[in-house]
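Chemist: Sequence and predicted model, in that order:
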Amino acid sequence: MNILVTGANGQLGNEMRLVSKDSKDKYIFTDVAELDITDAAAVAKMVKDNDINVIVNCAAYTNVDKAESDAEFAEVLNAKAVRNLADAVKANGGTLIHVSTDYVFGGSKGNTPRTEDEPANPTGVYGLTKLHGEQEIEKSGVKAIVLRTAWLYSEFGKNFLKTMLTLTSTKPELKVVFDQAGTPTYALDLADAIFDIIENRKMEGNEGIYHFSNEGVCSWYDFTKMIADYAGNTACDIQPCHSDEFPSPVVRPSYSVLDKTKFKNTFGRKIPYWTDSLKVCIKNLGSC
């Protein structure tokens, strides 16, 4: 098969490069320099010329705060470009694997993990545009697997893990919010799950929306404490604080844990616990 991976220079795209390097399938990795996914004609030509069977869309507008003042472009990248990909791969008889987000829920719902069939209620532009992307996929009629994930981190690019590694190694003290809970997700685990779906031809008949994150739950404070502990940054005094001490234009989800039961049952995969994956990523960072 021929697989097109968009957003290949991001966290998930880079991990897709690693997990697929020995595959017998042909993977084509593109970012904006090679393919502007907001250009429908360019996307259609890429898919047709390379006889693409599967598109893995790792591209997205992910700056949650900036999206509030850049709503038009966020909509273009998170929704209209997604429709371009959906239409192009549908015309070629293929499948779209699209990465979405826990932010489609947004509003508070208590402390019960979110299931795929719950109504979406995004509270900001980022979540709303990602929801629009999901809706464009549905309207297109393309065969698709949508994977909602949360709190993504990796060895690549800018992310919370790398920021906290720097801060806890250079600051004598640090405040981190403890009133937002979710699950840190190692992009390598998500990439490996996507690769398994493609490599073992699990797409057919399993189309739909799924939730994928690592197992477990923690606050941003807990996440930071574990980062510092595993990295040996013990000199930094890390203290919990409330979200309102860091004002934001977006109301972030207070409890954003995703229920992965449907994914695990459908694809027959165990998902690593978040602290186990965090140790692996920090170890990998150390060897970079």
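Modeler: Happy to help now that I have it. Remember, predicted model here, so these are calculated numbers, not experimental data.

Chemist: need the contact list for the closest residue to residue 165 other than its chain neighbours.
Modeler: Leaving out its chain neighbours, the residue that sits closest to residue 165 by CB to CB, 6 or more residues apart in numbering is residue 231, at 5.6 Å. For glycine as for every other residue, the C-beta is placed from the backbone atoms N, C-alpha and C. If a contact means CB atoms under 8 Å, 6 or more residues apart in numbering, then residue 231 has 165, 168-169, 282 as its contacts.

Chemist: Repeat the analysis, applying 7 Å as the threshold.
Modeler: 165, 168, 282 (CB atoms under 7 Å, 6 or more residues apart in numbering).

Chemist: Let's see the PyMOL selection covering just the buried ones among these.
Modeler: Burial among the contacts of residue 231 is assessed by 16 or more other CB atoms under 10 Å; the matching PyMOL selection reads:
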select buried, resi 165+168+282
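
Chemist: Let me have the contacts of residue 231 in TSV, adding distance to residue 101, pLDDT and secondary structure as columns.
Modeler: Formatted as TSV, those follow (distance: CB to CB, whole Å; pLDDT from 0 to 100; DSSP: H, G, I helix; E, B strand; the rest coil):
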residue	distance to residue 101	pLDDT	secondary structure
165	23	97	helix
168	26	97	helix
282	24	97	helix
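
Chemist: re the thing from before, backbone dihedrals for the residue nearest to residue 165, please?
Modeler: phi -90, psi -10 (degrees, to the nearest 10).

Chemist: quick one: low-confidence parts of this structure?
Modeler: Scanning the chain for pLDDT under 70 picks out 107-109, 287-288.

Chemist: Tell me which stretches of it form helices.
Modeler: Using DSSP state H, the helices found in the chain span residues 11-19, 40-49, 71-75, 81-91, 125-140, 160-170, 187-199, 220-231, 261-267, 274-286.

Chemist: which strands and helices sit next to the last one?
Modeler: Spelled out, that is helix 274-286. Applying 3 or more CB pairs under 7 Å, 6 or more residues apart in numbering; DSSP states H and E, we find helix 274-286 packed against strand 185-186, helix 220-231.
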